[in-house]
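In: Fold the stuff below for me.
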Amino acid sequence: MKEAPNNNYSFEAIDTSESGLKALSKFLSNTFKSSKFTSDYLDWMYNQNPVGGVVGFNAIFENKLAAHYALIPLEANYKNQKIKALLSLNTATGSMHQGQGLFTILANKTYMKCKDLGFDIVFGVANANSIHGFIKKLGWNYIDQLDTCISLTLPKKIEIEKLKHCLTLPLSNSTTKWRLSNPNCKYYKCNFGKINIVAKDINYFARSILKISQTNSDDTNFLMPKINFWVGISNSYSWKKGFLNGFKIPEFLKPSPLHLIYKNLSSEIDLNRRNIHFEAINFDAF
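Out: Residues are numbered from 1 along each chain as shown. The predicted structure is shown next:
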């Protein structure tokens, strides 16, 4: 396979104008064979994020999109200090442009731009097909495989003190409002005593819990009994002890295990599964 692109490619910052997103919508829809990449969805993701706009580049061949790489800013704290973080999102190369090294070039250009902007770290959730490219070609670090847990109830206690020395990705009110306004999904919040959840229904029998947190309210909303699924890495609550019948799904039953990875940009943070709190609302595959 070729590792160096031929000279017919040019590289440009992502065009987030109406016409740019329309072209990108068509490209991503064709590349991923998915209907979710509408212009409204991309505008929501790339332009409306209150933490900041998208950072990334497109590869152009004969005035058409050939490849795309994008990061979006995240709110983050490390040992109770704010840091500037990003999430690696859409990585796409057109079928006619595979093997040209475009992914590596776009990624490195993006990381250089992020350093110039003062970002400290970038996170990603990779599957088995993509993780080796991030680690071997781009120097990412491996944290661990995300836990996938199943339960019939919610926790009765959250041990927030365990997050004191962890990297966390808290959401402000404005960011939460934006995050839950994803035009492709319908989310809801619900209180269960001192516990608040953000969730979305998978079907009539199951829901995905994106976020679990404490609340000062003692109100309990009616919550239709369903099987609860939670994906992430956390030490602040336990699915084994704090949840009725809660357990981790065995590896052989997972359709495609997800792996949490990171790359230091302007920091030297060392992360592992014991010093990070990460759950579905921080990525949710958008």
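
In: How about Val54, nearest residue that isn't a chain neighbour?
Out: For Val54, ignoring the flanking residues on the chain, the nearest one in space by CB to CB, 6 or more residues apart in numbering is Tyr46 at 3.9 Å. Glycine gets a C-beta too; all of them are placed from N, C-alpha and C.

In: what's the neighbour count on that neighbour?
Out: By the measure other CB atoms under 10 Å, the count of residues near Tyr46 is 22.

In: which residues of the stretch 101-250 of the chain fall in helices?
Out: In order along the chain, the stretch 101-250 of the chain carries the following helices (DSSP state H, counting those that start in this stretch): 102-116, 131-132, 138, 173-179.

In: isn't Asn58 right up against Tyr9?
Out: No: contact between Asn58 and Tyr9 fails when scored by CB atoms under 8 Å: they sit 10.1 Å apart.

In: quick one: which of these two has more around it?
Out: Residue environment comparison for Asn58 versus Tyr9 gives the larger neighbour count to Asn58, 24 against 17, counting by other CB under 10 Å.

In: does the more buried one have beta-bridge partners, and which?
Out: Per DSSP bridges, the residues bridged to Asn58 are Glu12, His68.

In: repeat for Val198
Out: Lys189, Lys211.

In: Test my guess that it contacts Leu180.
Out: Yes: the pair Val198 / Leu180 is scored as a contact, 6.9 Å apart, by CB under 8 Å.

In: Find residues that contact each of Asn58 and Tyr9.
Out: Common neighbours of Asn58 and Tyr9 (criterion: CB atoms under 8 Å, 6 or more residues apart in numbering): Ala66.

In: Who are the contact partners of the closest residue to Phe11 other than its chain neighbours?
Out: Spatial nearest neighbour of Phe11, excluding adjacent residues (CB to CB, 6+ apart): Phe57 at 5.3 Å. Shown here is Phe57, whose contacts under the criterion CB under 8 Å, 6+ apart are 11-14, 68-69, 106, 109-110, 113.

In: Leu21 too?
Out: In this structure, Leu21 makes contact with 15, 39, 42-43, 46, judged by CB under 8 Å, 6+ apart.

In: From Asn235, how far out is Gly278?
Out: Not quite, residue 278 is Phe, not Gly. 11 Å (CB to CB, to the nearest Å).

In: what's the answer for Ala76, then?
Out: Here the distance between Ala76 and Asn235 works out to 17 Å (CB to CB).

In: who's more crowded, these two?
Out: In this comparison of Ala76 against Asn235, neighbours counted by other CB under 10 Å, the higher total goes to Ala76 at 23 against 14.

In: Could you pull out the strands in the stretch 151-286 of the chain for me?
Out: With DSSP state E, counting those that start in this stretch as the definition, the stretch 151-286 of the chain shows strands at residue ranges 167-168, 188-192, 195-201, 206-214, 227-233, 247-248, 259-264, 276-279.

In: What pairs with the last one, parallel or antiparallel?
Out: For strand 276-279, sheet partners with direction are given as strand 167-168 (parallel), strand 227-233 (antiparallel), following DSSP bridges.

In: Tyr188: which of those is closest?
Out: Distances from Tyr188 to each of the strands paired with strand 276-279 were compared using CB to CB; the minimum, 13.4 Å, belongs to strand 227-233.

In: I'd like the helices of the stretch 101-250 of the chain as a markdown table, with mean pLDDT appended.
Out: As requested, the helices of the stretch 101-250 of the chain are arranged in a markdown table below (pLDDT from 0 to 100):
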| stretch | mean pLDDT |
| --- | --- |
| helix 102-116 | 97 |
| helix 131-132 | 92 |
| helix 138 | 96 |
| helix 173-179 | 95 |
